[in-house]
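J.: Generate a structure from the sequence data that follows.
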Amino acid sequence: MKALNIFSSSGKQIIQRILIAVLMLYITRIVFLLFNYNAFQKLSWIDFLSGIWLDLITIGLFYLPYYVLFLIPFKKRSSGIYKISFKILFHAINLVLTGLNLMDVEYFKFTSKRSTFDLFSIISAGNDISQLLTTFLKDFWFLILILILVFIVTEWFYRKTEKVNNNSFSFKKELITFIVLVPVLFIMGRGGFGLKPVGIIEASKYYSPENSAFVLTTAFTMIKTIDQTGLQPVTYFKNGSESNYFSPLKTTVPANILPKNTNVVVIMLESFGSEFVNTDNPKDSYAPYLDSIIDKSLSFEYSFANGKKSIEAVPAVIASMPTLMDNPYISSPYGDNKINTLPNILKKHGYSSGFYHGATNGSMRFDGFAKICGFDDYYGRFEYDNDKHFDQTWGILDEYFNPWSARKMSELKQPFFSTLFTLSSHHPYFIPEHMRSKVKKGPQPICASINYGDYALRKFFEEAKKQDWFENTIFVLLADHSPSTNTELYNQRTHMYQIPIAFYDPMGRLKPFKSKEIFQQMDILPTLLDLLNIKDDYYAFGNSFFQQSQKEAITYLEGTYYYFKKDHMLTFQDGRVRNLYNFKSNIIGQIDSISVFSKLIKPEENRIKAMIQRYSSDLINNKTLNEAKN
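T.: Below you'll find the predicted structure:
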């Protein structure tokens, strides 16, 4: 402590209070780990040290106004009004930092990443936040209690720092303290002496991608994405040579399996991850009706979501457009780009269209995006117009909205394309009282909710079978994303994106078959266009199952791209492939085999780079459209 004698008493206080802030941040990080330990199976001491480093950077950034104002040589700083003001400012900043960390204790379970600034644009869309606030406070009251305890401990330590002798005032010593400490703390906030301040990508060099959420702090990811208004251009290839490895410009090849003017119904099932759907072992399944449909469908043993949020699923399915950035495509600056979508392509071939989602209109901006996509009509909670069936959180219960949607589809002019997005299997997993004794329960709260959603799916098909359009319709059933989970296997990046996807033809013209090929949400648009015998050019990041094209999947999370091909998953970060895992293995904590196969993955690495380059270039320049042939 003798080293502190070179500083004034205010300098000593600042150092002590920074250590308090570090301790509080780290305590909330440990709380985060304890509640999500299944997601972090391979933590090392480097990850724990990197966490301290990120905490110091976060504190250097957020406490900038506090330490600059506090260290200004000013004799009256120790008077009552100033002491109270600085204490309030310190606690306010500390509550923000620790509160954001604690928020992600539970929110991480749904997104598998630290929250970024786009969270505010998502929750501000529609009335979701006002409807969910009371539910979250009721379910996660213990986090508020922990925050209160953190505040009490912080105040106890803070009072200890006030006992530092601050009676003598030496302008010279105060000035030296200011000149030395402010630059040091400023450099700490930058993360070092680099030309650019440390961001999420730069920080990622020091830890494994699967441990990023543990190492990072929510306040850090928030402030580092607050000004990310768009993508940055990427140039891995020059003179258009990236097209040698990837091009989103596609042409249909009619499959000639279904008759002309076949209707299409896409059903996106909220949170129906593969963990809870199992046609091979019905005892482990919570969706027996969906299993029975999959048994009669073209389905896939290895099918993937292209994101972890509902708001990321809709553009992936409807427009074959992924979210390869921190901000979801819909809420990004490119959400109103000109794009090829299933509704606007099929409209040119005589199709009408409708989007059905029982949530309050405006939820996740689905109604606005549906209009951009070319849907003729949108049907939500307001159109349903009967709040007796409102779950008081999200919207109309699936068991009522699903069959209603089937009847409303009969009002569409045939042929039609429609999308039904369910909602009841979302947190808080509400089940109406008359169904609580009937649903199958499991080790996780979502299990009963999935079973209820499966019951509601049956209600949809019971009603759909009564409609005159049923037999002339191809159904696509899939999950929007995988849900939060308590299991180690499905917390791994190799398994966390796996969802069921099935193409169901009631007339059996599309033969039931479980393919072992990789299939992703973005492949639905190209595959449907071929199934419907459409002759057109279009823009898509996915590939048709019926063409001799790449069988692959790609996702993005916290600065890392996850690419699935054959039997392996590559992680791509900071311009290079970093890891290689076998995603078909069910081993917990797989060994990274990149060192063994590094020379064999160059083609995949070039394809990933080409996809990223084309994605950033086309979105920035609004070239996400391929005009149809005349």
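
J.: does the closest residue to Y334 other than its chain neighbours count as helix, strand or coil?
T.: Taking C-beta to C-beta, 6 or more residues apart in numbering, and ignoring the residues beside it in sequence, Y334 has L619 as its nearest neighbour in space, at 4.4 Å. The way it works is simple: take the backbone N, C-alpha and C, and place the C-beta from them, glycine included. Three states are possible here, and by DSSP: H, G, I helix; E, B strand; the rest coil the one that applies to L619 is helix.

J.: cool, and P233?
T.: In terms of secondary structure, P233 is coil; the call rests on three-state DSSP.

J.: got a list of what it touches?
T.: Applying C-beta atoms under 8 Å, 6 or more residues apart in numbering, we find P233 in contact with 616-617, 620.

J.: What is whatever helix or strand R29 lives in packed up against?
T.: The secondary structure element spanning R29 is helix 9-35 (assigned by DSSP states H and E). For helix 9-35, the packing partners by 3 or more C-beta pairs under 8 Å, 6 or more residues apart in numbering; DSSP states H and E come out as helix 45-62, helix 64-71, helix 80-111, helix 141-161, helix 171-190, helix 212-215.

J.: Rebuild those as TSV, extending it with mean neighbour count, distance to L25 and mean pLDDT.
T.: As requested, those are arranged in TSV below (neighbours: other C-beta atoms under 10 Å; distance: least, C-beta to C-beta, whole Å; pLDDT from 0 to 100):
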stretch	mean neighbour count	distance to L25	mean pLDDT
helix 45-62	20	4	90
helix 64-71	18	15	87
helix 80-111	17	6	89
helix 141-161	14	10	93
helix 171-190	16	14	84
helix 212-215	24	12	86
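
J.: For T624, which of those helices is the nearest?
T.: Distances from T624 to each of those were compared using C-beta to C-beta; the minimum, 24.9 Å, belongs to helix 80-111.

J.: so what does the closest one touch, helix or strand wise?
T.: Applying 3+ C-beta pairs under 8 Å, 6+ apart, one finds that helix 80-111 makes contact with helix 9-35, helix 45-62, helix 64-71, helix 141-161, helix 218-224.

J.: distance of the closest residue to G273 other than its chain neighbours from H495?
T.: Nearest residue to G273, sequence neighbours excluded (C-beta to C-beta, 6+ apart): S482, at 3.3 Å. Using C-beta to C-beta, to the nearest Å, we find S482 at a distance of 8 Å from H495.

J.: care to break this protein down by domain?
T.: 2-224, 253-620 (automatic domain parsing).

J.: Comparing those domains, which yields the minimum mean pLDDT?
T.: For the domains of the chain, mean pLDDT drops lowest on domain 2-224, to a mean of 82.

J.: now that domain, how far from the centre of its chain.
T.: Relative to the chain's own centre, domain 2-224 is displaced by 24 Å; criterion: C-alpha atoms, centre = their mean, to the nearest Å.

J.: Which among the helices and strands packed on helix 80-111 is found nearest to K250?
T.: Ranking the helices and strands packed on helix 80-111 by their distance to K250 (criterion: C-beta to C-beta) puts helix 218-224 first, at 34.8 Å.

J.: for the domains of the chain, which one ends up most surrounded?
T.: Of all the domains of the chain, domain 253-620 carries the top mean neighbour count, a mean of 20, counting by mean count of other C-beta atoms under 10 Å.

J.: The residue nearest to Y334 and P233, how far apart?
T.: In this structure, L619 lies at 10 Å from P233, with C-beta to C-beta as the measure.

J.: Now do the end-to-end distance for stretch 57-74.
T.: Counting by C-alpha to C-alpha, to the nearest Å, you get 27 Å between the two ends of stretch 57-74.

J.: right, I mislabeled it, should have said stretch 67-87
T.: One end of stretch 67-87 to the other measures 12 Å (C-alpha to C-alpha).

J.: Walking through the stretch 451-600 of the chain, point out its helices one by one.
T.: 524-531, 594-597 (DSSP state H, counting those that start in this stretch).

J.: sorry, back to before: shared neighbours of S482 and H495, which are they?
T.: Residues touching both S482 and H495 (C-beta under 8 Å, 6+ apart) are 274-275.

J.: From W404, how far off is the residue nearest to P432 when sequence neighbours are not counted?
T.: Leaving out its chain neighbours, the residue that sits closest to P432 by C-beta to C-beta, 6+ apart is L397, at 6.1 Å. Counting by C-beta to C-beta, the gap from L397 to W404 is 11 Å.

J.: can you check K347 too?
T.: According to C-beta to C-beta, K347 stands 24 Å off from W404.

J.: wait, V253 sits on Q547?
T.: Yes - here V253 reaches Q547: they are 5.5 Å apart, a contact under C-beta atoms under 8 Å.

J.: what's the overlap in contacts for these two?
T.: Any residue near both V253 and Q547 by C-beta under 8 Å, 6+ apart counts here, and that gives D530.

J.: returning to what we had before: which among the domains of the chain is found nearest to N239?
T.: Proximity to N239, assessed across the domains of the chain by C-beta to C-beta, is greatest for domain 253-620 (12.1 Å).

J.: That closest one spans what distance, first to last residue?
T.: Its start and end residues considered, domain 253-620 measures 29 Å (C-alpha to C-alpha).

J.: can you pull out the strands in the stretch 401-550 of the chain?
T.: Secondary structure of the stretch 401-550 of the chain by DSSP state E, counting those that start in this stretch: the strands cover 416-421, 473-479, 501-504, 513-520, 537-539.

J.: Now do the longest one against strand 473-479, angle only.
T.: Read it as strand 513-520. Here strand 513-520 points in a direction 60 degrees away from that of strand 473-479 (axes from the mean of the first three to the mean of the last three C-alpha atoms, to 10 degrees).

J.: Identify the residues contacting H434.
T.: Under the criterion of C-beta under 8 Å, 6+ apart, H434 has no neighbours.

J.: shouldn't L525 be in contact with V317?
T.: Yes - taking C-beta under 8 Å as the definition, L525 is a contact partner of V317 at 7.3 Å.

J.: Need the contact partners of stretch 571-583.
T.: The set of residues external to stretch 571-583 that reach it, using C-beta under 8 Å, 6+ apart, is 201, 204-205, 208-209, 236, 302, 493-495, 559-564, 567-570, 590, 592-594, 597-598, 601, 604-605, 608-609, 612.

J.: Let's see that with 7 Å instead.
T.: Contacts to stretch 571-583, defined as C-beta atoms under 7 Å, 6 or more residues apart in numbering, come from residues 201, 204-205, 209, 494, 559-564, 567-570, 590, 592-594, 597, 601, 605, 608.

J.: Next, the distance between the ends of it.
T.: Stretch 571-583 end-to-end distance (C-alpha to C-alpha) = 12 Å.

J.: Determine how far that stretch lies from the middle of the whole chain.
T.: Between the centre of stretch 571-583 and the centre of its host chain there is 19 Å, according to C-alpha atoms, centre = their mean.

J.: Also stretch 232-250?
T.: Here the centre of mass of C-alpha atoms in stretch 232-250, compared against the chain's by C-alpha atoms, centre = their mean, lies 26 Å away.

J.: circling back to that earlier point, please verify my assumption that the residue nearest to G273 contacts R493.
T.: No - checked against C-beta atoms under 7 Å, the pair S482 and R493 is beyond contact range at 11.4 Å.

J.: where does N36 sit relative to K283, distance-wise?
T.: 28 Å.

J.: Got the phi and psi for A316?
T.: Reported as degrees, to the nearest 10, the phi and psi values for A316 are phi -60, psi -40.

J.: Next up, the contacts around it.
T.: When contacts are counted by C-beta under 7 Å, 6+ apart, A316 touches 306-307, 322, 521-522.

J.: Of the residues you listed, which pair is most distant in space?
T.: Comparing every pair within those by C-beta to C-beta identifies G307 and M522 as the most remote, at 10.3 Å.
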